[in-house]
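Student: I'd like to go over a predicted model; first the sequence, then the structure.
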Protein chains: 2
Amino acid sequence: MSIEKTVTDIARAAKKAAPAVAACPGGKKNDALMAIADKLQKEADHIKKENRKDLEAAEKAGLSGAMIDRLTVSDSTIESMASGLMEVAALPDPVGAKSASWKRPNGLEVCRMRIPLGVIGIIYESRPNVTVDAAGLCLKAGNAVILRGGSEAIHSNRALARIIGHALAEAGLPETAVQVVPVTDREAVTHLLAQEEYIDLIIPRGGEGLIRFVVQHSSIPVLKHYKGVCHVYVDSSADIEMAENICFNAKVQRPGVCNAMETMLVHRDAAPKFLPGMADRFRSAGVRLKGCAETVKLIQGTEPASEEDWYAEYLDLVLAVRVVESMDDAMAHIAKYGSSHTEAIVTSDYSRAMKFLSQVDSSVVLVNASTRFNDGGQLGLGAEIGISTSKLHAFGPMGLEELTTTKFIVLGNGQVRE
Amino acid sequence: MSIEKTVTDIARAAKKAAPAVAACPGGKKNDALMAIADKLQKEADHIKKENRKDLEAAEKAGLSGAMIDRLTVSDSTIESMASGLMEVAALPDPVGAKSASWKRPNGLEVCRMRIPLGVIGIIYESRPNVTVDAAGLCLKAGNAVILRGGSEAIHSNRALARIIGHALAEAGLPETAVQVVPVTDREAVTHLLAQEEYIDLIIPRGGEGLIRFVVQHSSIPVLKHYKGVCHVYVDSSADIEMAENICFNAKVQRPGVCNAMETMLVHRDAAPKFLPGMADRFRSAGVRLKGCAETVKLIQGTEPASEEDWYAEYLDLVLAVRVVESMDDAMAHIAKYGSSHTEAIVTSDYSRAMKFLSQVDSSVVLVNASTRFNDGGQLGLGAEIGISTSKLHAFGPMGLEELTTTKFIVLGNGQVRE
């Protein structure tokens, strides 16, 4: 069978399965999620055995330790997949919720009802836990899902998909509500991105290269996240101790993630009292600093930053530091070099806080809090499927609601249009 | 200058103008809209003169009477453009509105704030009034806009753009907040669709060919409307007189638009008492009927419908009629042949009404009302920029809110992530 036919068949089967998932009551969806969690734990040995095939191939292929680490499915990985599913089951069902209704002068009553999107395609790189996390969120939101993980994880992903399929069948849902593309050839991705007739949304998760490839080749709408070049701006009126704690947390608590701070902007008036102490604290945590000329003057031994540093997403213990003349300069810097992901201001000035909140064009804008809070769970949306840095449909963390849409419901008693 | 450079320069200028439009207070946006309305009326002679160049070229090129009709800008067209702008000015400003906020256990206060999308590209066919209508809605929603109308309307559109630009400048907004692509070559569209860096959303308005072209070539998100194959299902429990009025209105009141009924589905038990009278009424209005075998038996002289008729968007006084065994059969017909646009049920049965509303997967679903109500104005959204039949971002009529998005606002007092 050709790769194109394999992919088209999968997409068609997903479309066929979608109405049953969409119409499935919340309680039954939760039962299915619990059944998957249960089966994953019971089949732990099988999953680990299949995962070992991927790990052996990865070692032979000479993949890096970090890649192999992300690929590894251990008992604790399985435990956390299962507990993730149980958390999703505990969230409220988004499907069927109606907005407040409004009445038209002719007596028509109108409201919006939340409905599933239909079929969602997820294209991701090596972590096999994405297979389970994404399947759980998509199902809970009433959607069928097609998963296309990295070729390195193919045995693990197929094993997980089989287990999920069995659990779905037992719970009375179509097995094809969750499918893994069994082909590792990259051609499969191109075919998947052409299934506009059957797939409603594509979510790529991975590096910028993967995401650009998907956007270029997809005729299906894509929710994407390019990168997180996040800023904290320390205002002249900032509480210095608060600013230190927030900047330290934003850079150091988990430097490898998209909501970590990459550039720190400091108002000229705050710089002399703030930067030296902050620099000591960063250095004691192993953070390498790259600064503007003014920063280099204030912190001995700082490397000079180049133009590229202002665009950099280091994802590491490296920080670019710039002294600015004003909040307007800080906002201009963010507009030029930022990625619309997450920006924070530390200030005690009310009007600056309000201006920063309203004018900074990022998915999450914070006053006096760490950028690390841009996360579905932290903001109270429940589990998230990613963070969108494009503005259509979803901007910022995407929870269950972002995996749905709304239709209009109109109640009449014989109205016709004049 | 190459077409690519012309288009890229326009897109870049729009992106540069966008923050000024986004930050513009509602009152000032309304002043700008009123200034445009005023200038259009004052410059009516100039607009009509430029329009005559398009009309002469159209006549030479042998365009159809209907096309020339749509292309013509008369005093009353200008009047209605101006009054449309005034109506948009009277709508509430969507930008800056905040959702109810919620408090996290750590004390963070979170809400969503409505913000403009940025730069919107509209690609449309001949009607010059779209130039003004779309510009007004995009501006009111705080966006910069790039307009690419049909080549037949190029002189009219350039004249309108010049007038809009002057009015914007007088109102203190950048002239480049509204731009018309001055190139008629289709290559300009391809280049426009590649400006992912500068344009946030593309809305094509026109025939299915144009829309498919745009979807295939765009790396920018597209809000699209393929076609409206709308159904009315007359249930066995329907009030026959109500069903007649609704079906008549849905088909006859304005047959050439996307929310007109194209197929009427009739429950077997209602067919004998409903169809003959309904058929008389349709025929007296000149409606040509094409029916299933059962319909042909009940209404003498009905043409037999072919499989293609169930997919057809006639946009004319033609109607496909099918007798069904049950509401489930009606819903299965809609799922197979429909276009997710608008479906209505006429029934007096509560549980069937509820089931139809929740299970029919269309952007607007109505009980006991005409399909013709799928319209932003009729549903109370104010003016609309189109009707989306795809589910992402907007599903159904798109008003001002659908030309915006939301970001998260987080208010803290020093919170860091554990």
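Tutor: Right, received. Where do you want to start?
Student: CA only for contacts and neighbour counts going forward, please
Tutor: Will do.
Student: any low-confidence regions in the stretch 1-150 of chain A?
Tutor: For the stretch 1-150 of chain A, no stretch has pLDDT under 70.
Student: which outside residues touch the longest helix seen in chain A?
Tutor: In chain A, assigned by DSSP state H, the helix with the most residues is helix A:3-22. By Cα atoms under 8 Å, 6 or more residues apart in numbering or on different chains, the residues outside helix A:3-22 that reach it are A:95, A:115-116, A:118-119, A:139, A:142-146, A:173-174, A:176-179, A:181, A:183, A:187-188, A:191-192, A:195, A:198-199.
Student: which strands and helices sit next to the helix or strand encompassing A:Ala89?
Tutor: Assigned by DSSP states H and E, A:Ala89 belongs to helix A:75-90. Helix A:75-90 is packed against helix A:26-42, helix A:129-140, with contacts defined by 3 or more Cα pairs under 8 Å, 6 or more residues apart in numbering or on different chains; DSSP states H and E.
Student: now these in CSV, with mean neighbour count and distance to A:Arg352?
Tutor: Listed next are the helices and strands packed on helix A:75-90 as CSV, based on neighbours: other Cα atoms under 10 Å in any protein chain shown; distance: least, Cα to Cα, whole Å:
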stretch, mean neighbour count, distance to A:Arg352
helix A:26-42, 20, 45
helix A:129-140, 25, 38
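Student: dump these to TSV, plus distance to B:Ser339.
Tutor: Compiled in TSV, the helices and strands packed on helix A:75-90 are given as follows (distance: least, Cα to Cα, whole Å):
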stretch	distance to B:Ser339
helix A:26-42	27
helix A:129-140	24
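Student: could those go into JSON lines alongside distance to chain B?
Tutor: Shown next, in JSON lines, are the helices and strands packed on helix A:75-90 (distance: least, Cα to the nearest Cα, whole Å):
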{"stretch": "helix A:26-42", "distance to chain B": "14"}
{"stretch": "helix A:129-140", "distance to chain B": "15"}
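Student: ok, A:Pro414 - contacts?
Tutor: Actually, residue A:414 is Gly rather than Pro. Counted by Cα under 8 Å, 6+ apart, A:Gly414 has contacts B:242-243, B:245-246, B:368-370.
Student: equivalent analysis for A:Leu91, please.
Tutor: By Cα under 8 Å, 6+ apart, the neighbours of A:Leu91 are A:Gly382.
Student: how near is it to chain B?
Tutor: 16 Å (Cα to the nearest Cα, to the nearest Å).
Student: now swap in A:Tyr314 and tell me
Tutor: Taking Cα to the nearest Cα, one finds A:Tyr314 at 20 Å from chain B.
Student: go on, A:Lys224?
Tutor: Distance from A:Lys224 to chain B, counting by Cα to the nearest Cα: 11 Å.
Student: I figured that residue was touching A:Lys391, is that so?
Tutor: No. Using Cα atoms under 8 Å, A:Lys224 is not in contact with A:Lys391, being 9.5 Å away.
Student: can you select the buried ones among the contacts of helix A:3-22 for me in ChimeraX?
Tutor: The buried subset of the contacts of helix A:3-22, as determined by 16 or more other Cα atoms under 10 Å in any protein chain shown, is captured in ChimeraX by this line:
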select /A:95,115,116,118,119,139,142,143,144,145,146,173,174,176,177,178,179,181,183,188,191,192,195,198,199
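Student: SS state for the residue in the stretch 301-418 of chain A positioned nearest to chain B?
Tutor: Distances between the stretch 301-418 of chain A and chain B by Cα to the nearest Cα are smallest at A:His393, namely 3.7 Å. Using DSSP: H, G, I helix; E, B strand; the rest coil, the structure places A:His393 in coil.
Student: ok, now which ones touch it?
Tutor: Neighbours of A:His393 in contact, by Cα under 8 Å, 6+ apart: A:402, B:392-394, B:405.
Student: try 6 Å this time
Tutor: Taking Cα atoms under 6 Å, 6 or more residues apart in numbering or on different chains, we find A:His393 in contact with B:392-393.
Student: try the one 5 residues further on
Tutor: When contacts are counted by Cα under 6 Å, 6+ apart, A:Met398 is found next to A:384-387.
Student: and if we set it to 8 Å?
Tutor: A:376, A:381, A:384-388.
Student: what's opposite it in the beta bridge?
Tutor: Beta-bridge partners for A:Met398, by DSSP bridges, are A:Gly386.
Student: then stretch A:272-285 to PDB, C-alphas only?
Tutor: Only the C-alpha atoms of stretch A:272-285 are listed here, as PDB (Å, rounded to 0.1, in the frame of the first residue of the first chain):
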ATOM      1  CA  PRO A 272      23.100  50.700  39.600                       C
ATOM      2  CA  LYS A 273      21.200  49.500  42.600                       C
ATOM      3  CA  PHE A 274      19.800  46.300  40.900                       C
ATOM      4  CA  LEU A 275      22.300  44.900  38.500                       C
ATOM      5  CA  PRO A 276      25.400  44.200  40.700                       C
ATOM      6  CA  GLY A 277      23.400  42.100  43.300                       C
ATOM      7  CA  MET A 278      21.400  40.400  40.600                       C
ATOM      8  CA  ALA A 279      24.600  39.500  38.700                       C
ATOM      9  CA  ASP A 280      26.100  38.000  41.800                       C
ATOM     10  CA  ARG A 281      23.000  35.800  42.400                       C
ATOM     11  CA  PHE A 282      22.900  34.800  38.700                       C
ATOM     12  CA  ARG A 283      26.600  33.900  38.700                       C
ATOM     13  CA  SER A 284      26.300  31.800  41.800                       C
ATOM     14  CA  ALA A 285      23.700  29.800  39.900                       C
END
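Student: give me the contacts around that stretch.
Tutor: With Cα under 8 Å, 6+ apart, stretch A:272-285 has contacts from A:240, A:244, A:248, A:252, A:288-289, A:295, A:298-299.
Student: burial of A:Glu308, as a residue count?
Tutor: 9 (other Cα atoms under 10 Å in any protein chain shown).
Student: can you tell me the element it falls in?
Tutor: For A:Glu308, the enclosing helix or strand under DSSP H and E is helix A:307-311.
Student: restricting to C-alpha, output that helix in PDB.
Tutor: The C-alpha trace of helix A:307-311 is given here as PDB (Å, rounded to 0.1, in the frame of the first residue of the first chain):
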ATOM      1  CA  GLU A 307      22.700  42.000  17.900                       C
ATOM      2  CA  GLU A 308      21.900  38.300  17.600                       C
ATOM      3  CA  ASP A 309      21.800  37.900  21.400                       C
ATOM      4  CA  TRP A 310      18.600  40.100  21.500                       C
ATOM      5  CA  TYR A 311      16.900  37.600  19.200                       C
END
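Student: for chain B, what are the nearby residues on the stretch 101-250 of chain A?
Tutor: Residues of the stretch 101-250 of chain A lying close to chain B (Cα under 8 Å from any Cα of the partner chain) are A:104, A:110, A:117, A:200-201, A:215-216, A:218-219, A:221-222, A:242-243, A:245-246, A:249-250.
Student: which of those residues are buried, as a PyMOL select command?
Tutor: Applied in PyMOL, the following selects the buried portion of those according to 16+ other Cα under 10 Å:
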select buried, chain A and resi 110+117+200+201+215+218+219+221+222+242+243+245+246+249+250
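Student: who's in contact with A:His217?
Tutor: A:His217 sits next to A:190, A:193-194 when contact means Cα under 8 Å, 6+ apart.
Student: who in the stretch 301-418 of chain A is up against chain B?
Tutor: Residues of the stretch 301-418 of chain A lying close to chain B by Cα under 8 Å from any Cα are A:357-359, A:362-370, A:372-373, A:378-380, A:390-396, A:405-417.
Student: taking those one by one, which sit in helices?
Tutor: A:357-359.
Student: ok, and the most crowded of those residues?
Tutor: Ranked by neighbour count (other Cα under 10 Å), these have A:Leu357 at the top, with 24 neighbours.
Student: OK, contacts around that residue?
Tutor: By Cα under 8 Å, 6+ apart, the residues touching A:Leu357 are A:365-367, B:409.
Student: how near is it to B:Lys98?
Tutor: 12 Å (Cα to Cα, to the nearest Å).
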